[in-house]
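Engineer: Got a predicted model here, sequence first, then my questions.
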Amino acid sequence: MTLFDFLTIPLFQKALTAAFLSGAGLSLLGVVILNLNLTTIRFALMHIALLGAAIAMVLGFSPLTGAMAGIIIASLLLGPAGDFLNMDTGVSGVLFMTGSLGLAFLIFYKAGVPAMDAFALFSGSILALTALEIWVIGGLAVLIILIFFLFYREIQMVLFNQELAESLGVPAKEIRNALLLLTGLAIGVNIRMVGVLLIDAAVLLPAVAALSIAKSLRGALLLSAFFGMVSQVGGVAFSMIYDCPSGASITLAAVLMVCLAAIYGHFVKSIRR
Amino acid sequence: MTREAVVEIHDLVAGYGRHQVLQQLDVTVRRGEALGIAGKNGAGKTTLFKVILGLLAPMEGNVSVQGQILNTPRVRRLMRCQIGYVPQLHTPGKMPVSVHDAVLMGRWSKGFGFLKRPRPQDRQKVIEILQEIGLSHKERQDVRLLSGGEQQKVSIGRALVREAPILLLDEPSTYLDHSSQLEIIELIRSVRLKYRLTLIMISHDPEHLEGMSDRILLLKNGRLEER
C-alpha cells in the first residue's frame, strides 16, 4: 500500500491528525522543560501516572483515568510544593518521583492489583486513539499555542531568569505553575500516543533540535513546532508504509531531526568563522 | 541642605518562616547617593534587596520608597516601577535571547502596549540605552555569546531602560576580570551622574564597592554598622 492508500483509511487519518496536532502544540512545552530544568519532572509525572493507575485499579476505575488524574493533581502541586519546601522545582520532582513509585509498589503489594495492567501504560499507540482523545489533543494544542501567544513576554522573562522576572513585576510563580500544569497535561496526552518510555521523542527532542539553532524564543517555539510536526507526522507515515511500530518510528524521526539540526548548527557556525 | 530620603528603613525585621535574617535594621538613603553594603554570604544582603523590591514583606518595621510605605502588596507592586534591579551575574540558560530583547525586558510594567507588545517608544528607549552602554553593535547578538562584562552591561541596560530613579545592584563587578571590572565601575559612575540615580549596591567584599560608593556600610548579624 502507498501512503495515499493509507490516507483513505479513517484509522490512519486519525493517527496523522493526532500527530500533526501534538507536534504543532505539545512540542512547544519541550522548550519550557529544557529552560526551567524540568527534565526530572517528566520522570516524576510518569511515576505519578503509575501511582494514579494503581489507585484507580484499587477503586475499580481504568488505569488511564487514574494516571491522568494523578498527573493533573501532581502538575498543580509541583510548583507550590517546591516553593513550600524551598526546593528547586526539579528537586521537588525527584521527591514526587521516588515517593509515588514507592507508594505505587506498596499498593500493588497490599491491594493485590495486577501491576502489569498498570505498567501497560508504559506503551502507547497513536493508532488506538479514539475520536474524543483526538479532540482533547487538539484542544490542548490550541490552548498551548494561545497561551504562548498571549503571554509570550511573561514566558520569555520567566524562562530567561525567574528571579529577574519577579523583580520586574511579572507574576513569575503563577506563570511557572501554569506552564507546569500544561507540561503535565501534554505528558499525560502523549502517554496515550507514544507510551511513557518514548515520551521524550514527542515532547523533548523537537525542542532540543530547535534550541540548537534558534536565535530567539520565538524562533525556538516556531522551530520546535515545525520539528514536532515533521517528526510525528513523518514517523507515523513511515510506520504505515514500512509496517513499523509507530512510537519507535516517531522517536527515530525526532532523533534524526536533532542530528540534522546539530549538523546545520555546526555548518552555520563554521561559515561565520 | 540635606537631600530628601529616597529609601527609608526603620527597625526592619525580615526573614523566611521563623528565621529572622535582618534584625532591627535602620538605614536611610538620600537622593543621588551611592550606598555600598558589604556582608558575608548569608548576612542578609539579598534579603534586604528582596524587601526593598517588595518581593518579601517585612515581619516588623517600615520600609518606604520615594515616601511610600511598602505596607500592601499593591504599593509594593507599584513601587517596583521606581526601581531598576541588576541581579548577580548568572550563567545564561539555554534560551536564546538577543541583546535588544534582554534590555527590552526592563520596559515591563513601565511600557508595552496592546497584548503587552512593545511600542515604538519602548524600542527607541532600548536603542538609546544600548548606545549608552556601548552595545549598539551587538544589538542582534545572542546574550549567551557575550563576555561576562558585556552580560553585566546588558543587565545594567535593562535596569536603565526602566527610567527608574533608584538602582539596586547585586555584586555589580565581583565576578568579572580586572579590565571588565574597571569598565563596569566607569559605566556605573557615568550613568549615575547622567540619570541622577540613587544607587544601593551589595557585595561580599567591601573592596568591590570602593570607587562606586559614597559610603560603605557593613551588614553583620542582621544589622548595618559603619565600616
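Structural biologist: That came through, no problem.

Engineer: all contacts plus neighbour counts: C-alpha atoms, from now on.
Structural biologist: OK.

Engineer: ok, is stretch A:265-273 in contact with chain B or not?
Structural biologist: No. Applying CA under 8 Å from any CA of the partner chain, one finds stretch A:265-273 separated from chain B by no less than 12.2 Å.

Engineer: Residues in contact with that stretch: which ones?
Structural biologist: With contacts defined as CA atoms under 8 Å, 6 or more residues apart in numbering or on different chains, stretch A:265-273 is touched by A:Ser212, A:Ile213.

Engineer: Now that stretch: average pLDDT?
Structural biologist: In this model, stretch A:265-273 has a mean pLDDT of 78.

Engineer: Just the buried positions in that stretch, please.
Structural biologist: Using 16 or more other CA atoms under 10 Å in any protein chain shown as the test for burial, stretch A:265-273 gives A:Gly265.

Engineer: Give me the phi and psi for the closest residue to B:Asn41 other than its chain neighbours.
Structural biologist: Spatial nearest neighbour of B:Asn41, chain neighbours left out: B:His204 (6.4 Å); criterion: CA to CA, 6 or more residues apart in numbering or on different chains. Phi and psi for B:His204, reported as degrees, to the nearest 10, are phi -80, psi -20.

Engineer: B:Gly39 is in contact with B:His204, correct?
Structural biologist: Yes. Between B:His204 and B:Gly39 there is a contact under CA atoms under 8 Å: 4.9 Å.

Engineer: so does the host helix or strand of A:Leu146 get close to chain B?
Structural biologist: Element membership of A:Leu146 [criterion: DSSP states H and E] is helix A:131-150. Yes. Helix A:131-150 comes into contact with chain B (CA under 8 Å from any CA), by way of A:Leu150.

Engineer: what's in contact with the next helix or strand after that helix?
Structural biologist: Where DSSP H and E defines the elements, the next helix or strand beyond helix A:131-150 is helix A:152-160. For helix A:152-160, contacts defined as CA under 8 Å, 6+ apart pick out A:32, A:35-36, A:148, A:164-165, A:170-172, A:175-176, A:217, B:92-93, B:95, B:97, B:105, B:116-117.

Engineer: Report the angle between helix A:152-160 and helix A:131-150.
Structural biologist: Here helix A:152-160 points in a direction 90 degrees away from that of helix A:131-150 (axes from the mean of the first three to the mean of the last three CA atoms, to 10 degrees).

Engineer: Let me see the ranges of the helices in the stretch 51-200 of chain A.
Structural biologist: Counting by DSSP state H, counting those that start in this stretch, the stretch 51-200 of chain A has helices at residues A:63-84, A:89-111, A:115-119, A:131-150, A:152-160, A:162-167, A:172-194, A:199-203.

Engineer: Distance from the chain centre to the fifth one, please.
Structural biologist: With CA atoms, centre = their mean, to the nearest Å as the basis, the distance from the averaged C-alpha position of helix A:152-160 to the chain average is 20 Å.

Engineer: For the chain, which residues score under the pLDDT cut-off?
Structural biologist: Picking chain A for this. A:121-122, A:196-197, A:272-273 (pLDDT under 70).

Engineer: oops, I was thinking of chain B
Structural biologist: Judged by pLDDT under 70, the stretches of chain B that qualify are B:1, B:110-115.

Engineer: Alongside chain A, which residues does it contribute?
Structural biologist: Counting by CA under 8 Å from any CA, the residues of chain B near chain A are B:53, B:55, B:77, B:80-81, B:85, B:87, B:92-98, B:105-106, B:108-109, B:115-117, B:142.

Engineer: circling back to that earlier point, would you list the helices of the stretch 51-200 of chain A in JSON lines and tack on mean neighbour count?
Structural biologist: Formatted as JSON lines, those follow (neighbours: other CA atoms under 10 Å in any protein chain shown):
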{"stretch": "helix A:63-84", "mean neighbour count": "20"}
{"stretch": "helix A:89-111", "mean neighbour count": "18"}
{"stretch": "helix A:115-119", "mean neighbour count": "16"}
{"stretch": "helix A:131-150", "mean neighbour count": "16"}
{"stretch": "helix A:152-160", "mean neighbour count": "22"}
{"stretch": "helix A:162-167", "mean neighbour count": "20"}
{"stretch": "helix A:172-194", "mean neighbour count": "23"}
{"stretch": "helix A:199-203", "mean neighbour count": "27"}
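
Engineer: With distance to B:Arg30 as extra columns, can I get those in a markdown table?
Structural biologist: Below are those laid out as a markdown table (distance: least, CA to CA, whole Å):
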| stretch | distance to B:Arg30 |
| --- | --- |
| helix A:63-84 | 35 |
| helix A:89-111 | 39 |
| helix A:115-119 | 65 |
| helix A:131-150 | 40 |
| helix A:152-160 | 31 |
| helix A:162-167 | 22 |
| helix A:172-194 | 31 |
| helix A:199-203 | 52 |
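
Engineer: mind checking which of these is nearest B:Tyr16?
Structural biologist: helix A:63-84 (10.9 Å; CA to CA).

Engineer: Can that closest one be said to contact chain B?
Structural biologist: No. Counting by CA under 8 Å from any CA, chain B is not contacted by helix A:63-84; separation bottoms out at 10.0 Å.

Engineer: Report the separation between A:Asn35 and A:Met157.
Structural biologist: Distance, A:Asn35 to A:Met157, by CA to CA, to the nearest Å: 11 Å.

Engineer: ditto for A:Val194
Structural biologist: Distance from A:Val194 to A:Met157, by CA to CA: 32 Å.

Engineer: Check B:Ala102 too.
Structural biologist: 9 Å.

Engineer: Pairing partners for the most centrally placed residue in chain B in the sheet, please.
Structural biologist: Nearest to the mean C-alpha position of chain B, by CA atoms, centre = their mean, lies B:Leu168 at 2.2 Å. Beta bridges link B:Leu168 to B:Tyr85, B:Ile200 when assigned by DSSP bridges.

Engineer: OK, contacts around it?
Structural biologist: B:Phe49, B:Ile83, B:Gly84, B:Tyr85, B:Val86, B:Leu199, B:Ile200, B:Met201 are the contacts of B:Leu168 under CA under 8 Å, 6+ apart.

Engineer: change it to 10 Å
Structural biologist: Residues near B:Leu168 by CA atoms under 10 Å, 6 or more residues apart in numbering or on different chains: B:34-35, B:49, B:52-53, B:83-87, B:156, B:159, B:198-202.

Engineer: which residue ranges form the helices in chain B?
Structural biologist: B:45-52, B:73-79, B:99-104, B:120-133, B:148-160, B:178-195 (DSSP state H).

Engineer: would you list those helices in CSV and tack on mean neighbour count?
Structural biologist: Formatted as CSV, the helices of chain B follow (neighbours: other CA under 10 Å):
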stretch, mean neighbour count
helix B:45-52, 21
helix B:73-79, 17
helix B:99-104, 25
helix B:120-133, 18
helix B:148-160, 25
helix B:178-195, 16
